[in-house]
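A.B. asks: okay, predicted coordinates and the sequence, questions at the end:
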Amino acid sequence: MSESPPVVGKIADKDSARSAELAAGRDKPREGRVAERDVERQLYLVIGGTGDLMRRKLLPALFRLLAKGPGRDRVGVLAAARNPSLNDESYRAWAREALVAAGIAPDDPDLAWCDMFLHYQSLGKETPEDFARLARRVGELEQQHALPGNRVFNVAVPPLALPTVVNGLAEAGLHRGPGWARIVVEKPFGSDLESARALNDLLHQHFDEARIYRIDHYLGKETVQNLLVFRFVNAIFESLWNRDRISSVQITVAEKVGIDARGSFFDQVGTLRDMVQNHLTQLLALTAMEMPVALDRDNIRDEKVKVLRAVDEITPADVIFGQYAAGEIDGQPVKGYREEAEAPDSETETFAALRLHLNNWRWWGVPFYLCTGKRLPKRVTQIVVTFRCPVLQCLPPFVCNIQCNQLIIAIEPREGFDLCFQVKVPGQEIRMEGQRLSFRYADAFGPLRDAYETLLLDVMEGDPTFFVRADEVDASWRIYDTLLKARPPVLRYPAGTWGPPEVVGLMEGEDWHAESEESRGRRCDRR
């Protein structure tokens, strides 16, 4: 009798009746909407239901997940916000406008979902009485839609408002309903190690860790989740994934945009907190982690935490902070950060480049470069793995300077990967040219689902695999806490350039591969 194949699906929350099916390997594919998945009946509450995150991300994701098919009656949605002038009818009109702005056709018949399953409740000044009224409304909606008391609280409010909301929900008894309760917390999770621990303590007073979903939308991107399959299923790469074969790893998140309307918020946060501590650090963990015992929620996150704990202490020589000044983007003049933020003396960083080393067997001596910034020449998120060059080169240096092989994992845009190598150009003379093998998700599978759709569906199913655990939060803040207490100087760079020129020294002569496409495809001719 042949053995059953090992389980590589994700393990659901213990409160779900699907745990046994998942453990037996009978999970359905991750693609699909709620109608195609075994999602328990529940009420999905968004606290901050009139905010920018709800308008741009959460509401379109909920609509695409819930509005189509027979399964849409499984999940009711209640938006709550401080605006006292809205009711169900006016909020639904607001929601329709937001959905049309997100690309939904104005005559889409599925917009009727708003009238049937989308509701609004004012939180007023967020007093105990306001939360008590919210609790009564929740009970009414659960009775109206025949829901068993399962609840998701998606807290989409500014960080300073989070304690008020969590305590308000708890005092009203909303987290102790007849079914299970889960809470979704948006980043940034704390502003340093001390505040992150305080938030964890607050959440743990009212929710078990297994019910807390700290969301980092990068973990919902298909190309990020594919890192696990790419590394651990394809033996050709896993066997090379170590200090003997890899010379460096660059993780880049480059943005063309400035701070938009986030000036007052961003000036209190900066790029280290806004991008590095969460997004780039998650990419670092997934790139460097060891193969877990099983691809399930606990083992994957255990291995990520081990990576974060292995990061050596960062010294001032390992960090460059920058802030964009006035310059040009696509030939158009743009203001500097201080003018955009209306903060003439601000020393908040809009650019950060860090060199990290991992104190473990696999990665000893391999630098990991984390680079991110605003008002850079192009938008790109990628991981570039540079392999070691041959120890002995059969061609003398005067013939050609051989370029090392590289693997570029493109997270956005044009999601996929490129394997770069060199070939001889046909002809008598020895000339080499960089070429690449390329894979693009869009070519193979069509458009990818938005990251929030993936993650919200995971929340509804009770699958925390791609959410951040409390010990991950603690370990990541430990890496950067010293930089927050003893900040390096902030260097100025013109908008439309690739950050301060000192980055070249930080990378010890390596090209920053987001900056120079030619470094991966240059032609090499006989002199």
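C.D. replies: Nice, I can see it.
A.B. asks: got a pLDDT number for A343?
C.D. replies: pLDDT recorded at A343 is 87.
A.B. asks: what about it, how many residues close to it?
C.D. replies: For A343, the neighbour count with other Cβ atoms under 10 Å is 15. Where C-beta positions appear, they are placed from N, C-alpha and C, glycine not excepted.
A.B. asks: next one: the closest residue to it other than its chain neighbours from D318, what distance?
C.D. replies: Counting by Cβ to Cβ, 6 or more residues apart in numbering, D267 is the residue found nearest to A343 once chain neighbours are left out, at 5.2 Å. Here D267 is placed at a distance of 25 Å from D318 (Cβ to Cβ, to the nearest Å).
A.B. asks: what of F439?
C.D. replies: 33 Å.
A.B. asks: quick one: which of these two has more around it?
C.D. replies: A count of neighbours by other Cβ under 10 Å puts D318 above the other of F439 and D318, at 18 against 13.
A.B. asks: so what's R137 up against?
C.D. replies: L78, H119, Q121 (Cβ atoms under 8 Å, 6 or more residues apart in numbering).
A.B. asks: and the second one, backbone torsions?
C.D. replies: Listed backbone geometry of H119 is phi -130, psi 170, with angles given as degrees, to the nearest 10.
A.B. asks: one more: P106?
C.D. replies: phi -60, psi -30.
A.B. asks: one step back: nearest to A475, of the contacts of R137?
C.D. replies: L78 (34.7 Å; Cβ to Cβ).
A.B. asks: and the closest one, its phi and psi?
C.D. replies: The phi/psi pair for L78 (degrees, to the nearest 10) is phi -120, psi 120.
A.B. asks: that older thread, got a markdown table for the contacts of R137, with distance to L141 too?
C.D. replies: Below are those laid out as a markdown table (distance: Cβ to Cβ, whole Å):
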| residue | distance to L141 |
| --- | --- |
| L78 | 6 |
| H119 | 6 |
| Q121 | 9 |
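A.B. asks: need those in CSV (columns: distance to Q422, pLDDT and neighbour count).
C.D. replies: Output for the contacts of R137, formatted as CSV (distance: Cβ to Cβ, whole Å; pLDDT from 0 to 100; neighbours: other Cβ atoms under 10 Å):
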residue, distance to Q422, pLDDT, neighbour count
L78, 58, 96, 23
H119, 60, 96, 24
Q121, 62, 95, 25
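A.B. asks: just give me the closest of those residues to V224.
C.D. replies: L78 (30.2 Å).
A.B. asks: which residues does that closest one bridge with?
C.D. replies: L78 forms beta bridges with L45, H119, as assigned by DSSP bridges.
A.B. asks: from R55, how far off is it?
C.D. replies: Taking Cβ to Cβ, one finds L78 at 16 Å from R55.
A.B. asks: try D130
C.D. replies: Using Cβ to Cβ, D130 is found at 22 Å from R55.
A.B. asks: surely L280 touches Q250?
C.D. replies: No: using Cβ atoms under 8 Å, L280 is not in contact with Q250, being 10.8 Å away.
A.B. asks: neighbours of R273, just the number please.
C.D. replies: 22.
A.B. asks: that one reaches F189, doesn't it?
C.D. replies: No: using Cβ under 8 Å, R273 is not in contact with F189, being 10.0 Å away.
A.B. asks: need the contact list for the closest residue to K125 other than its chain neighbours.
C.D. replies: Of all residues not flanking K125 in the chain, R82 sits nearest, at 7.1 Å (Cβ to Cβ, 6+ apart). R82 sits next to S122, L123, G124, K125, E126 when contact means Cβ under 8 Å, 6+ apart.
A.B. asks: strands - which of the residues you listed land there?
C.D. replies: Counting by DSSP state E, these place S122 in strands.
A.B. asks: flag every buried residue along the helix or strand hosting L134.
C.D. replies: Element membership for L134, per DSSP states H and E: helix 128-144. For helix 128-144, burial by neighbour count (16 or more other Cβ atoms under 10 Å) applies to D130, F131, R133, L134, A135, R137, V138, G139, L141, E142.
A.B. asks: list the buried residues in stretch 417-432.
C.D. replies: Buried-residue list, stretch 417-432, by 16+ other Cβ under 10 Å: F417, D418, L419, C420, Q422, R431, M432.
A.B. asks: tell me the one of those nearest L448?
C.D. replies: F417 (14.2 Å).
A.B. asks: could you tell me the end-to-end distance of stretch 487-495?
C.D. replies: End-to-end distance of stretch 487-495 (Cα to Cα, to the nearest Å): 22 Å.
A.B. asks: residues making contact with it?
C.D. replies: Stretch 487-495 has contacts (Cβ under 8 Å, 6+ apart) with 258, 316, 319-329, 334-336, 347-349, 351, 375, 499-502.
A.B. asks: pLDDT of that stretch, averaged?
C.D. replies: pLDDT averaged over stretch 487-495 gives 94.
A.B. asks: can you give me the buried ones in it?
C.D. replies: Of the residues in stretch 487-495, R487, P488, V490, L491, Y493, A495 count as buried by neighbour count, 16+ other Cβ under 10 Å.
A.B. asks: now do that stretch: distance to the chain's middle.
C.D. replies: Offset of stretch 487-495 from its chain centre (Cα atoms, centre = their mean, to the nearest Å): 25 Å.
A.B. asks: hang on, the earlier thing: among the contacts of R82, name the buried ones.
C.D. replies: Buried among these by 16+ other Cβ under 10 Å: S122, L123, E126.
A.B. asks: make TSV from the buried residues of helix 128-144 and add pLDDT to it.
C.D. replies: Putting the buried residues of helix 128-144 into TSV (pLDDT from 0 to 100) gives the following:
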residue	pLDDT
D130	94
F131	95
R133	95
L134	95
A135	95
R137	95
V138	95
G139	94
L141	95
E142	94
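A.B. asks: can you give me the strands in the stretch 351-500 of the chain?
C.D. replies: Per DSSP state E, counting those that start in this stretch, the stretch 351-500 of the chain carries strands over the ranges 351-356, 368-373, 380-387, 406-412, 416-424, 432-440, 490-494.
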